[in-house]
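Enquirer: this one's structure only:
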Ligand SMILES: Cc1ncc(C[n+]2csc(CCOP(=O)(O)OP(=O)(O)O)c2C)c(N)n1
Ligand SMILES: CC(=O)[C@@H](O)[C@H](O)COP(=O)(O)O
Ligand SMILES: [Mg+2]
């Protein structure tokens, strides 16, 4: 079948088991081929091929509402809702989004990207339905990893209390990105093996009902016996005690089991949780055999061998640089404890996990817990290293403020994926952390210009004992610079002049330094002499140097791959105003007040004018008389 010809999932209603299985095969082949070129979340999507087909067969989207938790596993949903032809543009600039997107389709009911939001949103949609007296199903699909997110548990608690009609599909493949962790994971583990029990339960029930005369009465008593048996044998009671009817576990690749269970679930009053067992990466051996999370989200790969296509990079991965530098420090200092909320693979923490198993914690998708746990460690004079993506740190804003900064606890926060991340798009861009951290008292916030300065900043953070200190670093690789043999701490709040200049100053840090230097070189040809400063401490700023620059009354351009609103440039403006440098001209380049969609980072930066050309233009406007000098 030509998948690109699908315009709506309604055709599924007429397919028999054989045809459904054939369709599943075609979709798998399509996904493996397309993702081999574009990259993407191939593992999770191969695991939900049959489940997604069965859901679209059993329900009537968009009247019935599917909410895909995290949403990285919605490619099959996108294929069945008329978007197969767009997969060549998956996660590319102005192309198909890798997550559900309202503007893309009426079938995309809820935008995700961050984990564990589907149940809360589903409760909202179900409440609206009930208040309006509408009749439709609300069907959130949540993974075993996402279920460890605090929001999901808050929602389960409320939904069960309200006894709202909802069919929760728990897609359990025993994996988060890495193998799933936590006591809830263990509960699911007991359930997975409980297949026998649920069959025995049904056999028992039908047997008792057959006993003439006493059958039904006995059945009622047996119900209580069965339930007590349930307490003994399986932990499905976990969900049933929360007010959910628990169905399962069922094989998520078996169309008959799926159809039977979904049709049964549609008849149940109140919230139902259908526990579906799937295999992440199913149907593609390299992904199926993945036990660590390599095939959760990938770049392009060779279909035949599963070999990843190497991109040309100069320096080490930033995550590896930071993790390796911390690992070195952990050898010398047994106060250091590393915590990650479910991202050991992305943040390259496997080495730490292996060498220091009792000083490493993967807490699951639980950013708030991870952050406050770090605070608790710091109260006991340990040195917690919280490794967390910028975008996911947004989940723990109050924990940083209330639990770490307010009591001024010595926590080292490694903010990974700081800046534009590219393919994951607007739900994952790491461009807000400066704005939401800079205004918190006691915080030190820094960003290195290259991997050598990165290792020195790790040392700076480890040696710093006066409160919270955050090191932000980008997705991707370093510049390939030479590394000093020894890590050495930097003076807190110290900036560095990279290029002298007497006509204007560019203040910038991290990934935008090469662009600033390029602009300065171009301006030199115009006779404009620009100083370029590595403003590597975003907080505290180098106020001595700032006073000097402003006393010289030099025009200033700030550049940052971060939100302008409340960002570094704002800090410089505030400084000038507060210190009464009212004549200094200041311009800012950075992320505008909008969400930045998916695409290659260079194209995104061009789109929003965070470029050397823009810097040249802005500086030229700042020093017009230099222009006229040159012309005369
Ligand atoms: C708040 C938040 N934290 C972390 C992530 C990163 N992340 C994306 S998918 C994923 C694992 C999800 O596991 P599961 O829900 O079981 O889905 P599966 O990939 O197994 O289908 C994680 C940790 C995220 N998207 N959002
Ligand atoms: C869907 C999700 O949130 C993660 O899979 C994320 O895409 C990982 O990002 P990196 O690829 O930058 O590790
Ligand atoms: Mg999972």
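Expert: The structure has been received and is ready for your questions. This structure is a prediction, so every number in the text was calculated from the model and none was measured. Ligands and ions are numbered 1, 2, ... in the order given.

Enquirer: so does stretch 582-601 get close to ligand 2?
Expert: No. For a cut-off given as CB under 6 Å from any ligand atom, stretch 582-601 has no contacts with ligand 2; the smallest distance is 10.6 Å. C-beta here means a position set from N, CA and C on the backbone, and glycine is covered the same way.

Enquirer: Make 47 the starting number, not 1.
Expert: Taking 47 as the first residue, the last one we looked at is stretch 628-647.

Enquirer: Just the mean pLDDT for that stretch, thanks.
Expert: Over the span of stretch 628-647, the pLDDT mean works out to 98.

Enquirer: again with stretch 221-240
Expert: 89.

Enquirer: Quick one: residues in contact with that stretch.
Expert: Stretch 221-240 has contacts (CB atoms under 8 Å, 6 or more residues apart in numbering) with 89, 189-191, 193-194, 216, 218, 220, 279-282, 284, 294-295, 321, 323, 326, 337-339, 342-343, 388-392, 408-411.

Enquirer: Show me how to select, in PyMOL, the buried members of those residues.
Expert: Buried members of the contacts of stretch 221-240, defined by 16 or more other CB atoms under 10 Å, are picked up in PyMOL with:
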select buried, resi 89+189+190+191+193+194+216+218+220+279+280+281+282+284+294+295+321+323+326+339+342+343+388+389+390+391+392+408+409+410+411
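
Enquirer: taking the contacts of stretch 221-240 one by one, which sit in strands?
Expert: 189, 216, 218, 294-295, 321, 323, 408 (DSSP state E).

Enquirer: how deep is residue 370 tucked in, by neighbour count?
Expert: Number of residues near residue 370 (other CB atoms under 10 Å) recorded here: 16.

Enquirer: Roughly how far does it sit from residue 408?
Expert: 18 Å (CB to CB, to the nearest Å).

Enquirer: distance of the residue of the stretch 497-646 of the chain found nearest ligand 1 from residue 462?
Expert: Closest contact between the stretch 497-646 of the chain and ligand 1, by CB to the nearest ligand atom, is at residue 521 (13.1 Å). In this view, residue 521 and residue 462 are 8 Å apart by CB to CB.

Enquirer: so what's the residue of the stretch 97-246 of the chain found nearest ligand 3 up against?
Expert: Here the residue of the stretch 97-246 of the chain nearest ligand 3 is residue 189; by CB to the ion that distance is 3.8 Å. Residue 189 makes contact with 90, 115-116, 119, 216-219, 222 under the criterion CB under 8 Å, 6+ apart.

Enquirer: Around ligand 1, pick out the residues from the stretch 97-246 of the chain.
Expert: Near ligand 1, when you scan the stretch 97-246 of the chain using CB under 6 Å from any ligand atom, you find 116, 118-119, 160-161, 189-192, 217, 219, 221-223.

Enquirer: filter the residues you listed down to the ones near ligand 2?
Expert: 116, 118, 223.

Enquirer: Three-state assignment for residue 606, please.
Expert: strand (DSSP: H, G, I helix; E, B strand; the rest coil).

Enquirer: And for it, the neighbour number?
Expert: 28.

Enquirer: Name the nearest residue to residue 333, sequence neighbours excluded.
Expert: residue 327 (2.8 Å; CB to CB, 6 or more residues apart in numbering).

Enquirer: quick one: that neighbour from ligand 2, how far?
Expert: From residue 327 across to ligand 2, the span is 14 Å (CB to the nearest ligand atom, to the nearest Å).

Enquirer: what are the phi and psi values for that residue?
Expert: Torsion angles at residue 327 (phi, psi; degrees, to the nearest 10) stand at phi 80, psi 10.

Enquirer: confidence score at it?
Expert: pLDDT, read off for residue 327, is 98.

Enquirer: and it, what is it in contact with?
Expert: 88-89, 92-93, 333-336, 341.

Enquirer: Among these, name the buried ones.
Expert: 88-89, 92-93, 333-334, 336, 341.

Enquirer: Show me the two of the ones in strands among the contacts of stretch 221-240 that sit farthest apart.
Expert: Spatial extent of those (CB to CB) is set by the pair 294 and 408 at 26.2 Å.

Enquirer: circling back: helix/strand/coil for the residue of the stretch 497-646 of the chain closest to ligand 1?
Expert: Residue 521 is classified as coil under three-state DSSP.

Enquirer: avg pLDDT for stretch 415-427?
Expert: 98.

Enquirer: Which positions within that stretch qualify as buried?
Expert: Neighbour-count burial for stretch 415-427 [16+ other CB under 10 Å]: 415-421, 423-424.

Enquirer: now do stretch 439-452
Expert: 439, 441-443, 445-447, 449-451.

Enquirer: will you turn the residues you listed into TSV that also has secondary structure, pLDDT and distance to residue 508?
Expert: Formatted as TSV, these follow (DSSP: H, G, I helix; E, B strand; the rest coil; pLDDT from 0 to 100; distance: CB to CB, whole Å):
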residue	secondary structure	pLDDT	distance to residue 508
439	helix	99	20
441	helix	98	25
442	helix	98	21
443	helix	98	24
445	helix	98	21
446	helix	99	19
447	helix	98	23
449	helix	98	21
450	helix	99	16
451	helix	98	19
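
Enquirer: Most widely separated two among these?
Expert: Of all pairs drawn from the buried residues of stretch 439-452, the one with the longest distance (CB to CB) is 441 and 451, at 16.2 Å.

Enquirer: Just among the ones next to ligand 2 among the residues of the stretch 97-246 of the chain next to ligand 1, which is most surrounded?
Expert: residue 116 (26 neighbours).

Enquirer: From what I see, that one and residue 159 are in contact.
Expert: Yes. With contact defined as CB atoms under 8 Å, residue 116 and residue 159 form a contacting pair (7.1 Å).

Enquirer: Now for the residue in the stretch 197-346 of the chain positioned nearest to ligand 1, how many residues are close by?
Expert: Checking the stretch 197-346 of the chain residue by residue against ligand 1 with CB to the nearest ligand atom singles out residue 222 as nearest, at 4.1 Å. A count of nearby residues for residue 222, using other CB under 10 Å, gives 29.

Enquirer: And residue 478, by the same measure?
Expert: Neighbours around residue 478, by other CB under 10 Å: 20.

Enquirer: Report whether the lengthiest helix in the chain contacts ligand 1.
Expert: Counting by DSSP state H, the longest helix found in the chain is helix 63-84. No. Using CB under 6 Å from any ligand atom, helix 63-84 stays clear of ligand 1, with a minimum separation of 13.7 Å.

Enquirer: Now that helix: average pLDDT?
Expert: Mean predicted confidence for helix 63-84 is 98.

Enquirer: Buried residues, it. List them.
Expert: 66, 69-70, 73-74, 76-78, 80-82, 84.

Enquirer: circling back: give me the distance between the residue nearest to residue 333 and ligand 3.
Expert: 11 Å (CB to the ion, to the nearest Å).

Enquirer: Ok, residue 382 next?
Expert: Applying CB to the ion, the value for residue 382 to ligand 3 is 30 Å.

Enquirer: so that residue makes contact with residue 432?
Expert: No. Taking contact to mean CB under 8 Å, the distance of 11.4 Å between residue 382 and residue 432 leaves them out of contact.

Enquirer: more crowded one of these two?
Expert: The neighbour count for residue 382 versus residue 432, taken as other CB under 10 Å, is higher for residue 432 (30 against 21).

Enquirer: got a list of what the residue of the stretch 47-196 of the chain found nearest ligand 2 touches?
Expert: The nearest approach of the stretch 47-196 of the chain to ligand 2 comes at residue 118, 3.9 Å away (CB to the nearest ligand atom). Counting by CB under 8 Å, 6+ apart, residue 118 makes contact with 87, 90-91, 144-145, 159, 343.

Enquirer: ok, now with 7 Å
Expert: Applying CB atoms under 7 Å, 6 or more residues apart in numbering to residue 118 gives the contacts 87, 90, 144-145, 343.

Enquirer: tell me which of those residues is nearest to residue 655?
Expert: Among the contacts of residue 118, and counting by CB to CB, the member closest to residue 655 is residue 144, at 25.1 Å.
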